[in-house]
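> Sequence and predicted structure below; questions after.
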Amino acid sequence: MSDLLSDGGRRLLLGNEAIVRGLFEAGAGFASTYPGTPSSEIGNLLEALSADAGMYFEFSDNEKVAMEVSAAAASAGVRSFVFMKHVGLNVAADPMMTLAYSGVRAGMLILTADDPSAHSSQNEQDNRFYAKLSLLPMVEPSTPMEAKAMVPEAYRISEELGLPVIFRTTTRVNHARAPVEFGQRAEPRTKGHFDRDFVRFVNIPANARVNRKRLLQLNERALEMSESSSLNFVEGEGDVGVITSGVSYTYVKEALKGVSILKLGFTHPVPERMVADFVRGKKSIIVVEELDPYLEDEVLRICAQNGLSVPVFGKRSGHLPYAWEYSPDTLKGVADIAEVTEFREPMPQPDIKLPARPPTLCAGCPHRGIFAATKRAVGNRDVVYCSDIGCYTLGGSPPFNEADFIICMGGGAGAAGGFAQTTDQLPIAFMGDSTFFHSGVNPLINALFNDHKIVMVVLDNRTTAMTGHQPNPGTGREFGGITTEPLDIEAIARGVGAKFVRTVDPYDVKAATEVMKEAIEYDGVAVVISKQACPLELKKRRMLAARTCEVDQELCIQCFNCLRTIACPALIKRDGLVETDPTQCIGCGMCANVCPKHAIGVKK
Amino acid sequence: MKYTIQIVGVGGQGVLLASNVLGTAAMNAGHRVMMSEVHGMAQRGGSVLSTVRFGDEVYSPLEAEGGADLILGFEPAETVRSLHLGNGSSSIVMNLDPVLPSMVAAGFDEYPDVGSLVEAVRSVNPNVVTLDATKLAIEAGKAVAANAVMIGAVAAMKDIPLTRDQLRDALIASVPEKFRDLNLKAFDLGFMAIQN
């Protein structure tokens, strides 16, 4: 990891590592994020390395704030970098749209990590349209090598135009790994000065109208830069032309033969003359891109405006799919237009039933305890489980089945208010500690303000677990030479006016069940904080006490209550008996807590 | 030349570590390398897949279905689940030590007999070789070295364009000093298990 700080040489880097190295070589002085996969590792690396690299980095409490702090840094003359997953940009879109009007004084990159196939996301939206919507320039690397090299180039573009640049990646760039050549680190500038410019930075209507025109003029310049950019190039010869960008370029290189390729790295504005020149004289054009026909529609428009009648194949023609990520074999779809590599016949699936292996809550995960307690407390009541984005999403699986509605960060608690008003069902919202700070306080205030009867359960595991254990306001900050006190979720809930606020230990399932019953009966907004640290995080910090649970087979009556209610992966049913797996068990005692015969003991 | 290794297993088994060692060995041997890894949610006990590709014609981090030259199966059921990644002439190294999915462990689902899983692979591919990597790792000193056993097994595969030394050096460079002997021993046991 610390290798990323040394100059020269060649290393096998994850795309996200290559981007961090790119920041060091570009001399970025300020970075901010809210963690989200596939961009998460960038944050973990900057948490560890930013101080040694001489730059400032923060985990902001959500993407909107991350965008705003980075916007200010770049407006004050400090090169900044804000990064997030694709849906994070929805949260940050509000400041971004008007930031485009003001522009920046030092370079600013806005990294959006899109997730075709939704490997770890709730949707697979195509964020390239944000570039069109905001009129900001956009670049798209295809590989880790390009990702590193594009960082300094994108800063150059940003500074020449005085506009933030959208740096768009996808999972197979962020999580690809390849050899990357290192250059020299640049000295980051971390302090600047904000010089007032009332028209440019104060977007009241009179100024916004001026800035809108200015932005449109800058787009004409951006188009000229795109036309001559070295990020856009033609390679290969053939009368079939392929226009592509991002990781799709690598699939084209391997799967299509005898074609000419227009590889676009500067993808907003799309270089119109370059595309027209490329199309002219070709027999046919294939546009290869994942998700939506962003380039394809631009190509069709450019052809129409230039009177070019070359047929354009891709998604609109039905040859390539809109949904899910591509791979080299996706290009079989264009076999009647271009020569496609021969693919080997996959082995048939033998006729044997395999057990499913979905991701699951870890052994000793405290979320298991609060889900078990909630289920018991709910009984036969008609409830709507409004869940959220985080590890606890996995509570939607058996035996808990406690997720009926998931849309976005903080969305569960907001929706709970709507269900409370429009149904006779009881909405129970689950959210993590990091989600509470991200966008959970607002829906709590809304429920109090509008008198929605909801139960809001904050699953406070003292970290942002799913994305790789980043700190959040509830844990305080302890890196980069800055130490801050943890913020208290209970005090915040009381502070905004919640009257029923209780903290429970989810490992004590019985006690948590009693509190959940009270919360359900309470006439008003009830907040329950389920507080217990994530064992994975404790393990990482070497703070996990050495304990395991053991089943006394003399006392066990094989009621399997432990398996049915906690379903911990460390509980194993073998030959009709329940045992614990000492390699997985962390001795949390949840199973012991629900055992009616006290047959499970915790051993040190 | 292009060579693709698909490494399959379960989150926590060290699939990422093994793919890093294989990728490093290929890079140090002077090949172009492209790899693809699974990070995030699937790591919570789910199936994981890592792709290592090298050779002068390699550009893409992903391989087409059927395109694997070698399937390195860290877990028997995952090996069977991933057969579509390879073809009838792919090489397959299959660890026989199962990791039970939580619903199996809890008695709500069943895990097939390991022998029948090996038979299932044989029915579509004659090249499969098996080993008990965990047992060999314990023999070497510690179960966590199962990783190194699997890499040793790769080194013994005939058609892989990487040498035993290249793989061993990359492995040793990736582990802390105090675990070197353990990993070397595990590597050799894996190598011999396949060669014999």
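That came in fine, so what should we check first? The structure presented is a predicted model; accordingly, all values stated were derived computationally and were not measured.

> Residue A:28 versus the residue lying closest to residue A:589 once chain neighbours are set aside, what's the distance?
Nearest residue to residue A:589, sequence neighbours excluded (Cβ to Cβ, 6 or more residues apart in numbering or on different chains): residue A:602, at 4.8 Å. In this view, the C-beta of every residue, glycine as well, is placed from N, C-alpha and C. Applying Cβ to Cβ, to the nearest Å, the value for residue A:602 to residue A:28 is 49 Å.

> Distance from the chain centre to the lowest-mean-pLDDT helix or strand in chain B, please.
The helix or strand of chain B with the lowest confidence, counting by mean pLDDT, DSSP states H and E, is helix B:102-105 at a mean of 86. Per Cα atoms, centre = their mean, to the nearest Å, the displacement of helix B:102-105 from the mean C-alpha position of its chain is 23 Å.

> elements contacting it?
With contacts defined as 3 or more Cβ pairs under 8 Å, 6 or more residues apart in numbering or on different chains; DSSP states H and E, helix B:102-105 has these neighbours: strand A:571-574.

> list the buried ones in the strand it packs on?
Using 16 or more other Cβ atoms under 10 Å in any protein chain shown as the test for burial, strand A:571-574 gives A:571-573.

> Do the longest strand anywhere in chain B and chain A come into contact?
Using DSSP state E to define each element, chain B has its longest strand at strand B:86-95. Yes. For strand B:86-95, a contact with chain A is found by Cβ under 8 Å from any Cβ of the partner chain, at B:86-88, B:90.

> Let's verify the most centrally placed residue in chain B: helix, strand, or coil?
For chain B, the residue nearest the mean C-alpha position is residue B:72 (3.2 Å; Cα atoms, centre = their mean). Under DSSP: H, G, I helix; E, B strand; the rest coil, residue B:72 falls in the strand class.

> Might one say that it is in contact with residue B:6?
Yes. With contacts counted by Cβ atoms under 8 Å, residue B:72 reaches residue B:6, the gap being 7.1 Å.

> tally of neighbours for the residue nearest to residue A:477 when sequence neighbours are not counted?
Nearest residue to residue A:477, sequence neighbours excluded (Cβ to Cβ, 6+ apart): residue A:484, at 4.5 Å. Neighbour count for residue A:484, taken as other Cβ atoms under 10 Å in any protein chain shown: 11.

> who's in contact with residue A:535?
By Cβ atoms under 8 Å, 6 or more residues apart in numbering or on different chains, residue A:535 lies in contact with A:362-366, A:544, A:586, A:588.

> do residue A:493 as well
Shown in contact with residue A:493 (Cβ under 8 Å, 6+ apart): A:444, A:458, A:501, A:527, A:529.

> Confirm that it sits in a strand.
No. Under the criterion used here (three-state DSSP), residue A:493 is helix, not part of a strand.

> how about the least confident helix or strand of chain B as PDB, C-alpha atoms only?
Provided in PDB are the C-alpha atoms of helix B:102-105 (Å, rounded to 0.1, in the frame of the first residue of the first chain):
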ATOM      1  CA  SER B 102     -24.700 -20.900   6.000                       C
ATOM      2  CA  MET B 103     -28.000 -22.400   5.000                       C
ATOM      3  CA  VAL B 104     -26.400 -25.800   4.700                       C
ATOM      4  CA  ALA B 105     -24.600 -25.400   8.000                       C
END
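
> now what about that helix, what contacts it?
Residues from elsewhere that reach helix B:102-105 (Cβ under 8 Å, 6+ apart): A:355-356, A:360, A:398, A:567-569, A:571-573, A:581, B:45, B:109-111.

> ok, 7 Å please
For helix B:102-105, the surrounding residues in contact (Cβ atoms under 7 Å, 6 or more residues apart in numbering or on different chains) are A:355, A:360, A:567, A:569, A:571-573, B:45, B:109-111.

> shaky segments in chain B?
B:40-43 (pLDDT under 70).

> Regarding it, what is its longest helix?
Longest helix in chain B by number of residues, with DSSP state H as the criterion: helix B:180-195.

> report the angle between the axes of it and strand B:86-95?
Interaxial angle of helix B:180-195 relative to strand B:86-95 (axes from the mean of the first three to the mean of the last three Cα atoms, to 10 degrees): 130 degrees.

> tell me what the longest strand of chain B is packed against?
If you count contacts as 3 or more Cβ pairs under 7 Å, 6 or more residues apart in numbering or on different chains; DSSP states H and E, strand B:86-95 packs onto strand B:68-73, helix B:76-81, helix B:114-122, strand B:128-131, helix B:146-155.

> Looking at these, which one is packed in the most?
Counting by mean count of other Cβ atoms under 10 Å in any protein chain shown, helix B:146-155 has the highest mean neighbour count of the helices and strands packed on strand B:86-95, with a mean of 28.

> how about the CA coordinates for that helix, as PDB?
C-alpha atoms of helix B:146-155 as PDB (Å, rounded to 0.1, in the frame of the first residue of the first chain):
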ATOM      1  CA  ALA B 146      -4.000 -23.500   1.700                       C
ATOM      2  CA  ASN B 147      -3.500 -20.600  -0.700                       C
ATOM      3  CA  ALA B 148       0.200 -21.400  -1.200                       C
ATOM      4  CA  VAL B 149      -0.700 -25.100  -1.700                       C
ATOM      5  CA  MET B 150      -3.000 -24.100  -4.600                       C
ATOM      6  CA  ILE B 151      -0.300 -21.900  -6.100                       C
ATOM      7  CA  GLY B 152       2.100 -24.800  -5.900                       C
ATOM      8  CA  ALA B 153      -0.500 -26.900  -7.700                       C
ATOM      9  CA  VAL B 154      -0.700 -24.400 -10.500                       C
ATOM     10  CA  ALA B 155       3.100 -24.600 -10.900                       C
END
